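Engineer: return a 3D structure for these sequence lines:
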Amino acid sequence: MGSFRFESAMALRLLTVTRQLGLRRLFYQQASSSQPREATLYEQYVNGQFVRSHGAPATIDVENPTTQEIIARTYCGDVRDARDALEAAHTAQPKWASTSPAERARALHQMADVIRKNRIHLAKTLSDEQAKVMGLAQVEVDFTADYFDYNAEWSRRVEGEVIPSDRKDEQIILRKEPVGVVVGICPWNFPLFVAARKIAPPLAVGCTVIIKPSRDTPCATMEFAKLVHEAGILPPGVLNFLCGIGSVFGEPLCTDSRVGIISLTGSVDAGVQMMKFAAKSVTKVSLELGGKAPAIVCADCDVDATVKNIVASCLTFGGQICNCAERLYVDEKIAPVFIPKLVEAFKQVKFGPPDQDVMYCSQIHGRHLDDIDDMVKRAVAAGAKVECGGKRSTLYPTGYYYEPTILTNVDQKSEIIQDEVFGPVLPIKTFRTFDEAIAMANDSQFGLTSSVHTNSHNLAQRAINELHFGEVYVNREHFEAMQGFHAGWRRSGIGGADGKHGMEEYVQTKVVYVAHDSSKNH
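Structural biologist: Numbering: from 1, shown residues only. Below is the predicted model:
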């Protein structure tokens with residue numbers, strides 16, 4: 001059943017998401033109101049209770065990027081909130097770890113159930129707080145529920161080892177035990193799913209968790225907290241949520257010796273700061289940071305299929321995904337055919353409010369739109385040619401829209417090729433030889449995602465062997481599976497998420513030497 005839902009989610013995430021207008025409008029109408037609603041105030045969730053922040057009355061506004069209206073507020077948490085959450089999680093952890101794997105699995109399955117029962121509400125909340133197309137918001141909700149179900153079964157699959165000893169009458173046993181308290185720091189682009197990445201695996205193996213949602217998109221995560229609380233799924237202190245600004249309580253939260261691991265998804269700068277914090281108490285970190293994914297298009301590829309894959313890989317959620325295709329290398333032998341087809345496909349992509357038949361919506365906020373526009377302007381000033389787009393859109397009275405953009409005549413060492421845009425912008429370079437393509441693809445500080453599009457098994461295998469990235473996709477769009485391992489190399493991160501290896505981020509190894517006397521019968 002989970003596999004079926006996953007495959008459906010994958011299909012919906014691609015360009016077919018734009019064909020779901022009738023269904024999406026139905027969902028949107030069911031969940032929305034014709035009257036402006038009062039901004040919701042979210043409290044902290046600590047030790048099984050929603051509580052007023054010690055930082056009150058200070059609050060942070062949450063904007064709907066589409067309408068530019070304030071739709072929610074969170075308290076601006078302070079150091080005392082962090083200490084309360086740490087104490088609650090630390091106190092609850094031994095008892096939670098002592099529960100049976102079956103009990104922990106049951107709790108995760110229950111969390112999946114409450115998500116599915118409230119999928120429309122959660123999807124609408126996601127769409128409102130981050131301008132996400134309703135179809136993609138539903139994918140995120142469904143995928144999140146599946147993720148809890150998938151990780152529930154890992155509760156029973158944490159494996160140790162028995163190793164032969166050099167000594168007679170001795171066994172060496174390796175045990176896997178929970179690291180303890182987990183601090184999960186989440187990004188704004190997939191807030192519900194990434195929170196699940198930092199909740200489900202550690203809970204499954206016996207850790208307790210403190211989640212800090214992004215200040216920009218805390219709503220769906222805090223609505224999930226409400227649902228879990230109302231369902232009475234977890235004991236107090238096992239799962240806690242803190243809203244606020246990382247610079248205010250990030251250091252006390254992440255330097256405390258009671259923390260077993262800090263798991264952060266965010267920028268390279270944020271990751272570097274977390275490593276500095278973690279160094280003070282020698283705490284483990286798991287970091288998913290920036291990306292600048294290359295896609296290599298070979299002369300023998302299926303042109304039409306590859307165009308669709310590149311459009312989906314670049315423009316889904318307006319390019320605001322860490323593994324989006326951010327630079328394209330096209331064999332010069334196919335470039336005169338491929339590039340015009342891709343440009344035309346970009347021109348056909350519709351963007352706008354989430355209740356319309358569009359592929360993507362507004363960028364997250366005005367500052368991000370400014371950053372995208374400035375990068376494109378600098379690229380053009382340096383000699384790049386705008387094949388399509390290249391500017392802000394003025395189609396709508398509110399929102400932060402940028403047109404689907406393709407740039408050619410760009411230099412390999414230029415900012416637009418080397419630095420993350422995180423928007424609907426794709427620079428293209430051509431190559432003569434496959435060696436050249438591989439070299440340009442690897443010429444990056446990042447190492448998260450890459451792809452190759454070819455009908456040659458030999459070229460595909462070379463790309464798999466030679467691309468220096470944690471993920472390589474062959475003849476498909478950029479989107480990972482929950483049973484895989486989403487991990488960045490180089491400045492894209494440390495550690496990873498998903499599957500068996502993602503679960504093992506949250507356990508530590510204890511070695512036990514057991515001696516016995518085989519000459520005795522008692």
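Engineer: where does this protein have low pLDDT?
Structural biologist: Applying pLDDT under 70 to the chain flags the ranges 1-37, 522.
Engineer: what residue is smack in the middle of it?
Structural biologist: V194 (4.7 Å; CA atoms, centre = their mean).
Engineer: is it true that it touches A200?
Structural biologist: No: under the criterion of CB atoms under 8 Å, V194 is not in contact with A200, lying 11.1 Å apart. Heads up, the C-betas are built off the backbone N, CA and C, glycines and all.
Engineer: if we can go back for a sec, then the residue nearest to the centre of the chain would be within a strand, right?
Structural biologist: No: using DSSP: H, G, I helix; E, B strand; the rest coil, the assignment for V194 is helix, not a strand.
Engineer: list the residues that contact it.
Structural biologist: Contact analysis of V194 by CB atoms under 8 Å, 6 or more residues apart in numbering lists 186-187, 265.
Engineer: ditto for A131
Structural biologist: Per CB under 8 Å, 6+ apart, neighbours of A131: 64-66, 354, 361-364, 399-400.
Engineer: give me that answer again for 10 Å
Structural biologist: Contact analysis of A131 by CB atoms under 10 Å, 6 or more residues apart in numbering lists 63-67, 137, 217, 317-318, 320, 351-354, 360-365, 399-401.
Engineer: narrow those residues to those in helices?
Structural biologist: A137 (DSSP state H).
Engineer: looks to me like D304 is in a helix.
Structural biologist: Yes: the assignment for D304 is a helix, going by three-state DSSP.
Engineer: can you pull out the strands in the stretch 201-350 of the chain?
Structural biologist: Along the stretch 201-350 of the chain, counting by DSSP state E, counting those that start in this stretch, strands occupy 208-212, 239-241, 259-265, 284-288, 293-297, 325-331.
Engineer: now do the first one: distance to the chain's middle.
Structural biologist: So that's strand 208-212. Using CA atoms, centre = their mean, to the nearest Å, the mean C-alpha position of strand 208-212 is found 16 Å from that of the whole chain.
Engineer: that strand to strand 259-265, inter-axis angle?
Structural biologist: For strand 208-212 against strand 259-265, the angle by axes from the mean of the first three to the mean of the last three CA atoms, to 10 degrees is 40 degrees.
Engineer: same deal with the fifth one?
Structural biologist: Here strand 293-297 points in a direction 50 degrees away from that of strand 259-265 (the same axes, to 10 degrees).
Engineer: picking that back up, dump the contacts of V194 to TSV, plus neighbour count and distance to S456.
Structural biologist: Shown next, in TSV, are those (neighbours: other CB atoms under 10 Å; distance: CB to CB, whole Å):
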residue	neighbour count	distance to S456
C186	26	40
P187	21	36
T265	27	35
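Engineer: in JSON lines: those, plus distance to A481.
Structural biologist: Shown next, in JSON lines, are the contacts of V194 (distance: CB to CB, whole Å):
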{"residue": "C186", "distance to A481": "20"}
{"residue": "P187", "distance to A481": "20"}
{"residue": "T265", "distance to A481": "17"}
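Engineer: nearest to R157 among those residues?
Structural biologist: Distance to R157, by CB to CB, is smallest for T265 among these, at 24.4 Å.
Engineer: any common contacting residues for V194 and A200?
Structural biologist: Common neighbours of V194 and A200 (CB under 10 Å, 6+ apart) are T144.
Engineer: contact partners for the residue lying closest to E504 once chain neighbours are set aside?
Structural biologist: The shortest distance from E504 to any non-neighbouring residue, by CB to CB, 6 or more residues apart in numbering, is to K176 (7.5 Å). Counting by CB under 10 Å, 6+ apart, K176 touches 158-161, 205-206, 503-504, 506-510.
Engineer: at 7 Å instead, please
Structural biologist: Neighbour list for K176: 158-160, 507, 509 [criterion: CB atoms under 7 Å, 6 or more residues apart in numbering].
Engineer: make a PyMOL selection of whichever of those turn out to be buried.
Structural biologist: Here is the PyMOL command that selects the buried residues among these (16 or more other CB atoms under 10 Å):
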select buried, resi 158+507
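Engineer: using a markdown table, please lay out the contacts of K176 together with secondary structure and distance to R167.
Structural biologist: Formatted as a markdown table, these follow (DSSP: H, G, I helix; E, B strand; the rest coil; distance: CB to CB, whole Å):
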| residue | secondary structure | distance to R167 |
| --- | --- | --- |
| V158 | coil | 27 |
| E159 | coil | 24 |
| G160 | coil | 20 |
| V507 | strand | 27 |
| T509 | strand | 20 |
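Engineer: can you get me the start-to-end distance on stretch 59-69?
Structural biologist: 16 Å (CA to CA, to the nearest Å).
Engineer: pull out the buried positions in it.
Structural biologist: For stretch 59-69, using 16+ other CB under 10 Å, the buried residues are 59-60, 62-67.
Engineer: what's next to that stretch, contact-wise?
Structural biologist: 36, 70-76, 128-131, 215, 218-219, 353-354, 361-365, 398-400.
Engineer: for the helix or strand hosting T144, name the packing helices and strands.
Structural biologist: Secondary structure from DSSP states H and E places T144 in helix 134-152. With contacts taken as 3 or more CB pairs under 7 Å, 6 or more residues apart in numbering; DSSP states H and E, helix 134-152 sits against helix 2-13, helix 21-31, helix 101-117, helix 119-130, helix 191-205.
Engineer: moving C-terminal from that helix, which element do we reach first?
Structural biologist: Counting by DSSP H and E, the next helix or strand C-terminal to helix 134-152 is strand 161-164.
Engineer: what does that following strand rub up against?
Structural biologist: Contacts of strand 161-164 (CB under 7 Å, 6+ apart): 171-174.
Engineer: partner strands of that strand, parallel or antiparallel?
Structural biologist: Strand 161-164 has the following strand partners under DSSP bridges: strand 170-178 (antiparallel).
Engineer: list the contacts for L448?
Structural biologist: Counting by CB under 7 Å, 6+ apart, L448 has contacts 291, 293, 322-323, 469-471, 488, 492.
Engineer: now for those: which two are most distant?
Structural biologist: The span of these, defined through CB to CB, is set by C322 and F469 at 12.1 Å.
Engineer: returning to what we had before: just give me the closest of the contacts of L448 to V285.
Structural biologist: The closest of the contacts of L448 to V285 turns out to be G488 (CB to CB; 12.7 Å).
Engineer: in this structure A204 contacts R106, no?
Structural biologist: No: here A204 does not reach R106: they are 11.0 Å apart, not a contact under CB atoms under 7 Å.
Engineer: compare those two (neighbour count), which wins?
Structural biologist: Per other CB atoms under 10 Å, whichever of A204 and R106 has more neighbours is A204, with 26 against 15.
Engineer: what sits closest to the more buried one if chain neighbours are left out?
Structural biologist: S155 (4.5 Å).
Engineer: repeat that for K168.
Structural biologist: Of all residues not flanking K168 in the chain, S518 sits nearest, at 7.7 Å (CB to CB, 6+ apart).
Engineer: quick check: the one you found vs Q171, distance?
Structural biologist: To Q171, S518 is 12 Å away according to CB to CB, to the nearest Å.
Engineer: how about Y75?
Structural biologist: Here Y75 is placed at a distance of 53 Å from Q171 (CB to CB).
Engineer: of the two, which one has the most company?
Structural biologist: Remark: of Y75 and Q171, Y75 carries more neighbours, 23 against 14, as counted by other CB under 10 Å.
Engineer: partners of the more buried one in the sheet?
Structural biologist: Going by DSSP bridges, Y75 forms beta bridges with T59.
Engineer: mind listing the helices for the stretch 401-522 of the chain?
Structural biologist: Using DSSP state H, counting those that start in this stretch, the helices found in the stretch 401-522 of the chain span residues 415-418, 434-442, 457-466, 499-503.
Engineer: in the last one, what's buried?
Structural biologist: This means helix 499-503. Neighbour count says helix 499-503 has 499, 502-503 buried, by 16+ other CB under 10 Å.
Engineer: how about residues contacting that helix?
Structural biologist: Contacts for helix 499-503 (CB under 7 Å, 6+ apart): 151, 154, 201, 204-205, 483-485, 496.
Engineer: returning to what we had before: closest to Q49 out of the helices of the stretch 401-522 of the chain?
Structural biologist: Using CB to CB, the helices of the stretch 401-522 of the chain put helix 499-503 closest to Q49, at 29.0 Å.
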